[in-house]
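Visitor: sequence? don't have it. structure:
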């Protein structure tokens, strides 16, 4: 390589070298660190007081910051002896600089300083005098960690963007599907009721089956729309008093025809102490219907269902139990996540969106309630829906993925619920 290309190559490498901000109010210390970092191949920018360190970090966005603990605090509102800690605290609170690693460098070896550095959010600690190779090792380790963190953050950002595109496309398609499907259902109902002429028994059965499947599809579309609304916090609850006995009776009545078609059966058991509670009846009714449909859909043969309600320390507790194939233990924590489905050799192969239980979870938690499952493979499943007597907004934010850690809480609650089983 000729000298001109060598110089140009060195200049390019220098421009791409990691940038490190060094903050120290003692010129000798500052020059030493800058010289050492330059020998190690790093670019540097300097600050001689706490306000300059903050401003320089925001302006230059260095790959790493090296702070002296003691420096002029300026208008930061702390003593000079605490200035470095305050700079670090502010950097870590600012989303623009929170991921920049911070190394404290000080001549003070007091353990209290180390504790304060950790509490302020510092990533490492060097005591003067330090060896150049030790400095290099610490810097390189933190830069490598920052690179991995930045790459992960960028991947997560792209994933969120792709997920938003997918969700927006899904909502658009779902809206477009709902109108023609409603027309199909209306036509099937008219045909089944004889508006277009008398039907033979086989024709009536075929139409009833088609109508049932179309209603399942409409229910899926409603789930998709409701999940999107709840995740985006655009849903408004319409609470009203609900008698648990009347609610379960309505569920059984609504599903009577489907029970007959599938050879399924259902019983209800409402304890005398089961209280009237306030909730959005449409949402809670669909939660219970989804649990019933889930049991029927995932059972190879006729399934027996037991719907129950009783008083609970936190309000009211509903259970939906079935004698179906059960849910393997490894799936019990993920079935409430969006698009997750059980894959078990004992369960029938069915087409499922993996949204029904996600909707149940979001709807129940929008009331401040909980939902979980207890099951053994080949032993049936029991779903628990715990609701407060009055809905309250949970202290959390829903995400588009619908994957905040409900299962962990569900597992915790399942143990206490099991202990209360009669």
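Guide: Thanks, I have the structure now. What you see is a predicted model; the values in this text were computed from it and never measured.

Visitor: hey, where'd the strands end up in the chain?
Guide: Remark: strands assigned in the chain by DSSP state E are 19-23, 43-47, 64-68, 102-106, 124-127, 239-242, 265-270, 277-280, 304-312, 315-322, 370-375, 381-387.

Visitor: Save those strands as CSV, and put in mean pLDDT and mean neighbour count too.
Guide: Yep, even glycine has a C-beta here, placed from its N, CA and C like the rest. Formatted as CSV, these follow (pLDDT from 0 to 100; neighbours: other CB atoms under 10 Å):
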stretch, mean pLDDT, mean neighbour count
strand 19-23, 93, 24
strand 43-47, 93, 19
strand 64-68, 91, 26
strand 102-106, 86, 23
strand 124-127, 81, 16
strand 239-242, 94, 14
strand 265-270, 95, 16
strand 277-280, 95, 22
strand 304-312, 95, 19
strand 315-322, 95, 22
strand 370-375, 92, 23
strand 381-387, 95, 23
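
Visitor: Using JSON lines, lay out those strands together with distance to residue 150.
Guide: Converted to JSON lines, those look like this (distance: least, CB to CB, whole Å):
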{"stretch": "strand 19-23", "distance to residue 150": "14"}
{"stretch": "strand 43-47", "distance to residue 150": "18"}
{"stretch": "strand 64-68", "distance to residue 150": "12"}
{"stretch": "strand 102-106", "distance to residue 150": "16"}
{"stretch": "strand 124-127", "distance to residue 150": "18"}
{"stretch": "strand 239-242", "distance to residue 150": "45"}
{"stretch": "strand 265-270", "distance to residue 150": "54"}
{"stretch": "strand 277-280", "distance to residue 150": "43"}
{"stretch": "strand 304-312", "distance to residue 150": "47"}
{"stretch": "strand 315-322", "distance to residue 150": "45"}
{"stretch": "strand 370-375", "distance to residue 150": "37"}
{"stretch": "strand 381-387", "distance to residue 150": "41"}
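
Visitor: Would you tell me which of these gets closest to residue 205?
Guide: Of all those, it is strand 265-270 that lies closest to residue 205, at 19.8 Å by CB to CB.

Visitor: In space, what's closest to residue 282 - neighbours in sequence excluded?
Guide: residue 238 (7.2 Å; CB to CB, 6 or more residues apart in numbering).

Visitor: check contacts around that neighbour.
Guide: Counting by CB atoms under 8 Å, 6 or more residues apart in numbering, residue 238 makes contact with 280-282.

Visitor: can you put the residues you listed in JSON lines and add distance to residue 362?
Guide: Listed next are the contacts of residue 238 as JSON lines, based on distance: CB to CB, whole Å:
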{"residue": "280", "distance to residue 362": "12"}
{"residue": "281", "distance to residue 362": "17"}
{"residue": "282", "distance to residue 362": "14"}
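
Visitor: pLDDT weak spots in this structure?
Guide: Across the chain, residues meeting the criterion (pLDDT under 70) sit at 1-15, 107-110, 166-167, 169-175, 223, 226-235, 338-355, 393-422.

Visitor: doesn't residue 123 make contact with residue 102?
Guide: Yes: with contacts counted by CB atoms under 8 Å, residue 102 reaches residue 123, the gap being 5.5 Å.

Visitor: Out of the contacts of residue 238, which comes closest to residue 19?
Guide: Nearest to residue 19 out of the contacts of residue 238 is residue 280 (CB to CB; 54.0 Å).

Visitor: The closest one pairs with what?
Guide: Under DSSP bridges, the beta-bridge partners of residue 280 are residue 239.

Visitor: List the contacts of it.
Guide: 237-240, 363, 367, 391.

Visitor: Going by contacts, tell me the helices and strands next to the lengthiest helix in the chain.
Guide: As assigned by DSSP state H, the longest helix anywhere in the chain is helix 132-192. Taking 3 or more CB pairs under 8 Å, 6 or more residues apart in numbering; DSSP states H and E as contact, the helices and strands that helix 132-192 lies on are helix 27-39, strand 64-68, strand 102-106, strand 124-127, helix 201-231.

Visitor: Direction included, what does the second one pair up with?
Guide: What that stands for is strand 64-68. Counting by DSSP bridges, the strands paired with strand 64-68 are strand 19-23 (parallel), strand 102-106 (parallel).

Visitor: Nearest to residue 176, out of the helices and strands packed on helix 132-192?
Guide: Shortest distance between residue 176 and the helices and strands packed on helix 132-192, using CB to CB, is found for helix 201-231: 10.1 Å.

Visitor: That closest one relative to helix 132-192, how many degrees between them?
Guide: With axes from the mean of the first three to the mean of the last three CA atoms, to 10 degrees applied, the angle from helix 201-231 to helix 132-192 works out at 150 degrees.

Visitor: Not counting its own residues, what contacts stretch 301-310?
Guide: Residues from elsewhere that reach stretch 301-310 (CB under 8 Å, 6+ apart): 244-245, 247-248, 251-252, 262-271, 273-274, 288, 292, 295-296, 316-324.

Visitor: before we move on, back to that, most packed of the helices and strands packed on helix 132-192?
Guide: Comparing the helices and strands packed on helix 132-192 by mean neighbour count (mean count of other CB atoms under 10 Å), strand 64-68 comes out on top with a mean of 26.

Visitor: rewinding a little: can you add distance to residue 182 and give the helices and strands packed on helix 132-192 back as JSON lines?
Guide: Compiled in JSON lines, those are given as follows (distance: least, CB to CB, whole Å):
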{"stretch": "helix 27-39", "distance to residue 182": "69"}
{"stretch": "strand 64-68", "distance to residue 182": "60"}
{"stretch": "strand 102-106", "distance to residue 182": "59"}
{"stretch": "strand 124-127", "distance to residue 182": "63"}
{"stretch": "helix 201-231", "distance to residue 182": "7"}
